[in-house]
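**Student:** With the sequence up front, the predicted model follows.
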Amino acid sequence: MQKAHRRFQYLIQEIHKIQRMKFVTDEVYSFRHQPKFHDFSNTVHLDEKWFFGEKVDGYYYWPTDEALPPPDRIANKQSIQKIMFLVVLAMPVLNKGFDGLIGIYPFVKESVFVRGPRRGEQKLVHEVSVNGEVYKQYLLEKVIPDVKRKMPWMRGKEMYIQHDGAKAHLPAEHDAAIDQALTANRWKINLVRQPARSPFLNMCDLCLLIILCSVKRKKLDSEAPTWWSCATWWLVNFGGMTLRCCCASGALWRTSIVL
C-alpha cells in the first residue's frame, strides 16, 4: 500500500490550449535565448472570491490544565457567515508609492428598517447576488474611478483590465457606458478576457486568499499599518512574479500544441 494524493483538475481541451498559447505569446517581447515577458505593469487583474468568516476545522494550542471549550454547533456549512469580494490588483510601482492593491469591494447592500418607536432605525447589511447589472455598477462606480485615482501615471498610455469569462462579466464587454468610462479624459483602458480554465493567469487567484486573511488580521490589530503596507507590497509582488513563472513554464513550454 502507498499513500497518494488525488485532486480534481481542469478539463483542458484543444481550444483552451490554443487560447492559452495565444494569450501568453502576446506577452512576450523577445524570443532570443529564452522568452522574456512584459512586467504586467499596465495590466489590472480583478476577480471575485467567496471568503468564509470562520474555518470549518482547525488546530489550536490549549493549556493542559484547562478544559477544552465545547465545539460550535452549526446546522451545515451554509450556516457559516461568508461574503463575496471583488478584488482589484496591479503590479506594485515603488517609485510611485503604489503597493499594487487598488481595492477590495464586498458585494453587500445596506438597508435601514424601523424596529419600533423606542428602538428607532437599525441598519442591516446583507449579501447581493452578482449579475451583469451589479458587476457593471461596481465597474462604473468603484473599479474604474479607483484605477484612475491610484494609477494617474498611466493616463494616455495603453492599459488593460483583465477578468475571467464568468457569465456576469460578459455584458460589460459590450456596454457603451463602460466603454465611455474607460476612454474618458484621454485614458486608454481596454477590458480584456483571460483564457477559459486558466486561473493561474490571473494575479488575484495567485495571492488573493493571503491578502484577504491579511485584511482580517488588520481589522483585529489596529497597530499594524506599517506591517500591512509592507505585507501587501510583498504579496502582490510575489503574485506578479508567480504569474510570470506560470506564463513561462506552465502555459508556454508545457502546452502540447504545435503551431
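**Tutor:** Alright, I've got the coordinates.
**Student:** residue ranges for the strands of the stretch 51-200 of the chain, please.
**Tutor:** Along the stretch 51-200 of the chain, the stretches classed as strands by DSSP state E, counting those that start in this stretch are 82-90, 101-106, 108-116, 120-127, 158-163, 188-193.
**Student:** Dump these into JSON lines; add distance to residue 26 and mean pLDDT as well.
**Tutor:** Yep, even glycine has a C-beta here, placed from its N, CA and C like the rest. As requested, the strands of the stretch 51-200 of the chain are exported to JSON lines (distance: least, CB to CB, whole Å; pLDDT from 0 to 100):
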{"stretch": "strand 82-90", "distance to residue 26": "18", "mean pLDDT": "86"}
{"stretch": "strand 101-106", "distance to residue 26": "23", "mean pLDDT": "87"}
{"stretch": "strand 108-116", "distance to residue 26": "36", "mean pLDDT": "74"}
{"stretch": "strand 120-127", "distance to residue 26": "37", "mean pLDDT": "74"}
{"stretch": "strand 158-163", "distance to residue 26": "11", "mean pLDDT": "92"}
{"stretch": "strand 188-193", "distance to residue 26": "10", "mean pLDDT": "92"}
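**Student:** so which of those is the most packed in?
**Tutor:** Mean neighbour count (mean count of other CB atoms under 10 Å) peaks for strand 82-90 among the strands of the stretch 51-200 of the chain, with a mean of 21.
**Student:** which ones are touching residue 171?
**Tutor:** Under the criterion of CB atoms under 8 Å, 6 or more residues apart in numbering, the neighbours of residue 171 are 132, 135-136.
**Student:** Any chance of the strands of the stretch 51-200 of the chain in CSV with distance to residue 62 as columns?
**Tutor:** Listed next are these as CSV, based on distance: least, CB to CB, whole Å:
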stretch, distance to residue 62
strand 82-90, 27
strand 101-106, 33
strand 108-116, 34
strand 120-127, 33
strand 158-163, 44
strand 188-193, 48
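**Student:** Please identify which of these is closest to residue 149.
**Tutor:** Closest of these to residue 149 is strand 101-106, at 8.9 Å (criterion: CB to CB).
**Student:** Remind me what the closest one packs against, helices and strands.
**Tutor:** On a contact count with 3 or more CB pairs under 8 Å, 6 or more residues apart in numbering; DSSP states H and E, strand 101-106 meets strand 82-90, helix 144-150, helix 203-220.
**Student:** Least confident of those, on average?
**Tutor:** Ranked on mean pLDDT, the bottom entry among the helices and strands packed on strand 101-106 is helix 203-220, at a mean of 62.
**Student:** hmm, back to that, what's the closest of the strands of the stretch 51-200 of the chain to residue 74?
**Tutor:** Ranking the strands of the stretch 51-200 of the chain by proximity to residue 74 (CB to CB) places strand 82-90 first, at 12.3 Å.
**Student:** and the angle for the strand or helix carrying residue 46 with strand 82-90?
**Tutor:** Using DSSP states H and E, residue 46 sits within strand 43-52. Between strand 43-52 and strand 82-90, the angle comes out at 160 degrees (axes from the mean of the first three to the mean of the last three CA atoms, to 10 degrees).
**Student:** Okay, angle between strand 43-52 and strand 101-106 too, please.
**Tutor:** Put simply, strand 43-52 runs at 40 degrees to strand 101-106, going by the same axes, to 10 degrees.
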